[in-house]
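Undergrad: sequence and predicted structure, then a few things I'm wondering about:
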Amino acid sequence: MTPLEDAQRLVLEACPPLAPVTVSSRDALGLVLADDVVAGEDVPPFANSAVDGYAVRAADLAAPPVELRVVAETAAGAAPYAATVGLGEAVRIMTGAALPPGVDAVAMVEDSERLGEDRVRISRSVPPGAAVRGVGEDVRRGETIFPAGTVVGPVVAGVLASVNAGQVRAVPAARVALVSTGDELVTDGRPLRPGQIRESNSRMLVPLLAAAGCVVDHLGTLPDDERILESTLRDAAATCDAVVTSGGVSMGDYDVVKAVLGRIADMRWMQVAIKPAKPFAFGLLDGTPIFGLPGNPVSSLISFELLARPALRRMMGHRHLMRQGLVAVTDVDLRRQTDGKVHLVRVNGSFTDDGRYHVVPVGAQGSHQLAATALADALVVLPDGDGVPAGADVAVLMLH
């Protein structure tokens, strides 16, 4: 059997990052930056008020309460008050409005009492700089705000907009073709005939691929016809960055997927030392990676999570390839037999009053029992051996 680490290394080494492209920052959400982003503007671009209140000279409020003459009013987006504010004067100012010349602080409106159209009483002193957002306080022009390798999430996208970064260099999303085959698979809801099953793997894998950041070309469910499958796989390899198939990768299987890929691609057929998901295939078709997942739905899920997903994330420039890992506590015995494999136990967990993540198995653990796995939120990575007792620390990979 192939150790899991060796299988992961083989796949990752064959899946280098895709060539960077220049994209609109509006289209970069979810992508990984290929180059540093340097700010072309200060943020804020001018000193402005952080609150509604009165723009003042802090020295005028040294001995409150103090009455000041209100000489103007200014709001966000309005033309700045151009005159210099003098001794004993104030400007009514709204949040985000530019500070006028001569002032160095803002007194909050809560600390004021208007005494007429042009007078205000301020009841509290303020230090210089109070409630003032200075030029470049958030971002300085010329500053590297995001290094290469940063994932463009919603907040990063907002910052890119704030510095007018209209375009960025990023690693593109991988376009992945998903191929299902089998004359026994039913997709249209009709009653099952003897020997038929309903196709479910693609319904699971399409959203898993999309959630990983891929663009999915679902090529449908193909019949067991080598000519059709070969043509489909060749076209997919020519037009996509990777291909994912499910089923037909076990050592004893004779399947059209295995027959065709064995003939047209440079494939490795592996028995990975894990349970479930021992059978796995990987290779290159004209340089395009092909991931052969097993047909049992839970095995397909585990193979995707441990082998295909990390490689696809590497292709898209991500540096954190695996799901988040935690050290958890098992609340029940997790017993197993020594068999030379790492067991992946599907569990549910929650944080308790001790601040730790406690897990229990979801129930049935068979490789065909997808319903029992559907609500699992983590995988316990259980090394070869006899298992662990309740209360033991266990390594988990979060699924959500």
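TA: Now that the structure is in, tell me what you want to look at. Residues are numbered from 1 along each chain as shown.

Undergrad: only C-alpha atoms for contact and neighbour calcs from this point on.
TA: Noted.

Undergrad: from the chain's centroid, how far away is stretch 51-60?
TA: Mean-position distance between stretch 51-60 and its chain equals 43 Å (Cα atoms, centre = their mean, to the nearest Å).

Undergrad: same check, this time on stretch 27-35
TA: Put simply, stretch 27-35 sits 11 Å off its chain's centre (Cα atoms, centre = their mean).

Undergrad: can you get me the start-to-end distance on that stretch?
TA: Here the two ends of stretch 27-35 are set 16 Å apart, with distance taken as Cα to Cα, to the nearest Å.

Undergrad: determine the longest helix present in this structure.
TA: Longest helix in the chain, counting residues (DSSP state H): helix 226-239.

Undergrad: buried set for it?
TA: Neighbour-count burial for helix 226-239, counted by 16 or more other Cα atoms under 10 Å, picks out 226, 229-230, 232-234, 236-237.

Undergrad: go on, stretch 319-338?
TA: Neighbour counts over stretch 319-338 (16+ other Cα under 10 Å) mark 321-323, 326, 328-331, 334 as buried.

Undergrad: quick one, strands of the stretch 51-200 of the chain?
TA: Counting by DSSP state E, counting those that start in this stretch, the stretch 51-200 of the chain has these strands, from start to end: 53-56, 66-74, 89-93, 105-108, 112-114, 119-122, 132-133, 144-146, 167-171, 175-181, 185-186, 197-198.

Undergrad: can you lay out the ones you listed as JSON lines showing mean neighbour count, mean pLDDT and distance to residue 21?
TA: Below are these laid out as JSON lines (neighbours: other Cα atoms under 10 Å; pLDDT from 0 to 100; distance: least, Cα to Cα, whole Å):
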{"stretch": "strand 53-56", "mean neighbour count": "29", "mean pLDDT": "98", "distance to residue 21": "47"}
{"stretch": "strand 66-74", "mean neighbour count": "19", "mean pLDDT": "97", "distance to residue 21": "44"}
{"stretch": "strand 89-93", "mean neighbour count": "25", "mean pLDDT": "97", "distance to residue 21": "44"}
{"stretch": "strand 105-108", "mean neighbour count": "26", "mean pLDDT": "98", "distance to residue 21": "45"}
{"stretch": "strand 112-114", "mean neighbour count": "15", "mean pLDDT": "96", "distance to residue 21": "54"}
{"stretch": "strand 119-122", "mean neighbour count": "19", "mean pLDDT": "98", "distance to residue 21": "56"}
{"stretch": "strand 132-133", "mean neighbour count": "22", "mean pLDDT": "98", "distance to residue 21": "36"}
{"stretch": "strand 144-146", "mean neighbour count": "16", "mean pLDDT": "97", "distance to residue 21": "17"}
{"stretch": "strand 167-171", "mean neighbour count": "23", "mean pLDDT": "98", "distance to residue 21": "6"}
{"stretch": "strand 175-181", "mean neighbour count": "24", "mean pLDDT": "92", "distance to residue 21": "14"}
{"stretch": "strand 185-186", "mean neighbour count": "18", "mean pLDDT": "70", "distance to residue 21": "39"}
{"stretch": "strand 197-198", "mean neighbour count": "14", "mean pLDDT": "75", "distance to residue 21": "40"}
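
Undergrad: now those in TSV, with distance to residue 214?
TA: Shown next, in TSV, are these (distance: least, Cα to Cα, whole Å):
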stretch	distance to residue 214
strand 53-56	49
strand 66-74	48
strand 89-93	48
strand 105-108	49
strand 112-114	55
strand 119-122	58
strand 132-133	40
strand 144-146	23
strand 167-171	12
strand 175-181	6
strand 185-186	25
strand 197-198	25
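
Undergrad: for residue 127, list the residues it contacts.
TA: Residue 127 is in contact with 58, 105, counting by Cα atoms under 8 Å, 6 or more residues apart in numbering.

Undergrad: low-confidence stretches in this structure?
TA: Applying pLDDT under 70 to the chain picks out residues 183, 186, 250-254, 367.

Undergrad: distance of the residue lying farthest from the centre of the chain from residue 276?
TA: Using Cα atoms, centre = their mean, the residue of the chain lying farthest from its centre is residue 116. It sits 54.9 Å away. Shown here: residue 116 relative to residue 276, a distance of 78 Å by Cα to Cα.

Undergrad: residue 117 now?
TA: Separation of residue 117 from residue 276 (Cα to Cα) stands at 78 Å.

Undergrad: neighbour count: those two, which is higher?
TA: Taking other Cα atoms under 10 Å, residue 117 and residue 276 do not tie; residue 276 has more neighbours (24 against 9).

Undergrad: got a list of what the more buried one touches?
TA: By Cα under 8 Å, 6+ apart, the residues touching residue 276 are 298-299, 302, 343-344, 366-367.

Undergrad: which of those residues has the largest number of neighbours?
TA: residue 299 (26 neighbours).

Undergrad: quick check: angle from the longest helix of the chain to strand 175-181?
TA: Computed with axes from the mean of the first three to the mean of the last three Cα atoms, to 10 degrees, the direction of helix 226-239 lies at 170 degrees from that of strand 175-181.

Undergrad: done for today, thanks.
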